[in-house]
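**Q** Based on what follows, work out the 3D shape:
(2 chains)
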Protein chains: 2
Amino acid sequence: MKKEDITIQGFRFAGISAGIKQQGKKDIALIFSETLATVAGVFTTNRIKAAPVRLDIKRIRSGKGQAIIINSGNANACTGDEGLRDASEMAECVARELNIGPEHVYVSSTGIIGRPLPMARIRKAIPSLVKRLSPSSIMDTATAIMTTDTFPKVSLRKLKLSRTTGTIVGIAKGAGMICPNMATMLCFILTDIAIRHDALDRAIRGAVRRSFNRLIIDNDMSTNDTVIIMANGRLGNKPLTKDSPFYRRFEEALSEVTYELARMIAIDGEGATKLINVIVKGARTESDAERVARAIAQSMLVKTAIYGEDPNWGRIMAAIGYSGVDVLEDRIDIYINGRKYVAGGRGSDNKKRRDRALAKREINITVDLGLGNRSASVLTCDLTEGYIRINSEYTS
Amino acid sequence: MKKEDITIQGFRFAGISAGIKQQGKKDIALIFSETLATVAGVFTTNRIKAAPVRLDIKRIRSGKGQAIIINSGNANACTGDEGLRDASEMAECVARELNIGPEHVYVSSTGIIGRPLPMARIRKAIPSLVKRLSPSSIMDTATAIMTTDTFPKVSLRKLKLSRTTGTIVGIAKGAGMICPNMATMLCFILTDIAIRHDALDRAIRGAVRRSFNRLIIDNDMSTNDTVIIMANGRLGNKPLTKDSPFYRRFEEALSEVTYELARMIAIDGEGATKLINVIVKGARTESDAERVARAIAQSMLVKTAIYGEDPNWGRIMAAIGYSGVDVLEDRIDIYINGRKYVAGGRGSDNKKRRDRALAKREINITVDLGLGNRSASVLTCDLTEGYIRINSEYTS
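**A** Here you go, the predicted structure:
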């Protein structure tokens, strides 16, 4: 299916320009569920949280929701009480136009920190935004939430329940400030499958843990990270519980959606030319494996070496060594795209010939610690002059 | 005093080319104390330690030493038993030529990881190296230990004891892979002041903690970091102890030497155009202050913003928020080179005019958390296309 043709029953979308960004780019989006939906979410763990995040964290306690209004170009972070009032007003404007309760409207913002929202423009845009709502406008929404992203990010999975087939659709934006625990990463997931709130909450937390929380672009974590999932139950199935025979498959399909979006974010990392998948196996515990994988994925020296298509495994060894995990040097094997560079802690191939496998767009760094049978993987991207250019020119 | 004229009684230096690096660059150095000296040192905490570091850690238990042989161009790391034999042999060759005990010779290596040392060239170079020893060749040593450094790093302090004046000289190399706990950072400090071993050990650990361990270039930590101090006692003073009236002043002078070298390393960070000094005050504890300062100094987004001369304080706020310290957003003030950008967690100056203070080569980011009276500072540099270029082209 072409992404432009994606629809999901009971949901409508819009994305237009409100004049927050320059040059008439789309910068305001709306997701609307025709009926009240079950809602769960995961938010930034940054101590400094943007106003909309603080609003959403309160609202999501009800486990219910019907709309999400999102703007790009301004993060509404570090904006004090005024920022909180602005976030509430955005929700109220949407609620009034849609004739729903403002407590059922969630708000997300992404962009520059520390400037008041241009509320006059936003107020003016919301009625037009609501008028543009349509079941087939998902790409407008995906485009309007972008900041330095170079392409809109949408992922779809179909899930067969006994007699019917449900749909899970995810929309995300990423690019910079992506780190350990998400970052200026926004993700909205919609499903027509009926599911109980506690099961939905558990499924989304698991899916985020295995995808966005194992995605590293630049080690920075934003004040605005948000993942919200809405389940409107329009499929008419008996609501899934944690014990339903289909719950596991729902969890798997949801994880596939979040993982695919995480991959898209890594591919679209600011200035990135390569996707890097760091796989650590042979660890004593999964947490050890994850720490080693993170150290490698965060290493600027590893990321610049991959950019230069240079199999500089010494930098990988150094990162393993400072990960904090109790490793044994002479047990370590390292493979890059299947070719063994390190065997038992020593270089297994000292020829200086160029490895053509490193010219690929997708690089797998596999480390076997030789200490156990646990593994973990972390996604990242290479570090290039493009990253520096984007982030030194991004004006404040 | 011109650096070329620096001498210190009882020490001799040499630095020549052994052909490890290309183009005849100096790549092997020797520091020799005419008499057996008291020695203390601090080494990388990386689990994967280069062969010479493993050798030195054993030897330094004696607290004695007379020579340090250093090569650049090859780290002798991840080289297995062969690497250990090579490091030992380097010490033996030097000991033989100098007619001293090999157990009194320390070895340091820096450069590419995972290649065997070119021992034939090193064996051949050592006799010439010893012949070139001279009291006035300190700059040859400082030059021969450089890798991607753009200038040799030497620092000198004179310390007046009651009737005599002692000297402390430090030589360092840095550039890349500099992080929390030192990195491919080599530093050799020499003094003619007599000092007891336990006092010397304590003084060097304190000095390293307040300088190199608060220096961040790229968050990577190398397998080779080494700081060694040799005190030959040629000044003839009564050996200092921890309780001597002059011990505190020795500690201060030593800290000034290591701090000055740390500043030089930050200024010479790979591709760096600016030195950044992150000062965090108003913290509940010094450790809180240091965590916040480190988070800011490690942020690629902050470092690229400073490179772009963009006072993007939102990125500083985000880093404070994810530092893990329990901060209160509305208490935070942020100053950049003296100008207040954030007051009580909110932007205090929203005008978009360019801040000329950011065009300076040295940037002070001062954060007041407003929670207590403890402070800490961390040195770093900006992140530029130059860093990417150097590290993506550095061939393995």
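**Q** tell me which element residue A:141 is part of?
**A** Remark: residue A:141 resides in helix A:138-144, with elements defined by DSSP states H and E.
**Q** What helices and strands are in contact with that helix?
**A** strand A:11-16, strand A:28-43, strand A:64-74, strand A:153-160, strand A:165-173 (3 or more C-beta pairs under 8 Å, 6 or more residues apart in numbering or on different chains; DSSP states H and E). For the C-beta atoms, the positions are set from N, CA and C on the backbone; glycine is no exception.
**Q** ok, the residue in the stretch 1-150 of chain A that chain B sits nearest to to residue B:77 distance?
**A** With C-beta to the nearest C-beta, the shortest gap between the stretch 1-150 of chain A and chain B falls at residue A:113, namely 2.5 Å. To residue B:77, residue A:113 is 41 Å away according to C-beta to C-beta, to the nearest Å.
**Q** Please say which of the two ends up with more neighbours.
**A** With other C-beta atoms under 10 Å in any protein chain shown as the criterion, residue A:113 and residue B:77 differ in neighbour count, and residue B:77 comes out ahead with 31 against 26.
**Q** Validate this expectation: the more buried one resides in a helix.
**A** No: assigned with DSSP: H, G, I helix; E, B strand; the rest coil, residue B:77 falls outside any helix and is coil.
**Q** doesn't residue B:223 make contact with it?
**A** Yes: shown here, residue B:77 and residue B:223 form a contact pair, counting by C-beta atoms under 8 Å, at 4.2 Å.
**Q** shared neighbours of these two, anything?
**A** Both residue B:77 and residue B:223 are contacted by A:314, A:317, A:318, B:48, B:49, B:50, B:113, under the criterion C-beta atoms under 8 Å, 6 or more residues apart in numbering or on different chains.
**Q** Put together TSV for these, with distance to residue A:324, secondary structure and pLDDT on each row.
**A** Rendered in TSV, the data for the shared contacts of residue B:77 and residue B:223 read as follows (distance: C-beta to C-beta, whole Å; DSSP: H, G, I helix; E, B strand; the rest coil; pLDDT from 0 to 100):
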residue	distance to residue A:324	secondary structure	pLDDT
A:314	19	helix	87
A:317	15	helix	92
A:318	13	helix	88
B:48	12	coil	89
B:49	15	coil	91
B:50	19	coil	93
B:113	19	coil	84
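**Q** quick one, longest helix in chain A?
**A** Across chain A, the longest stretch assigned as helix under DSSP state H is helix A:247-267.
**Q** now it: mean pLDDT?
**A** Helix A:247-267 comes out with an average pLDDT of 94.
**Q** What of stretch A:205-218?
**A** Per-residue scores along stretch A:205-218 average to 85.
**Q** buried ones in that stretch?
**A** A:207, A:208, A:210, A:211, A:212, A:213, A:214, A:215, A:216, A:217, A:218 (16 or more other C-beta atoms under 10 Å in any protein chain shown).
**Q** My read is that the fifth one contacts residue A:185, right?
**A** Yes: with contacts counted by C-beta under 8 Å, residue A:212 reaches residue A:185, the gap being 6.0 Å.
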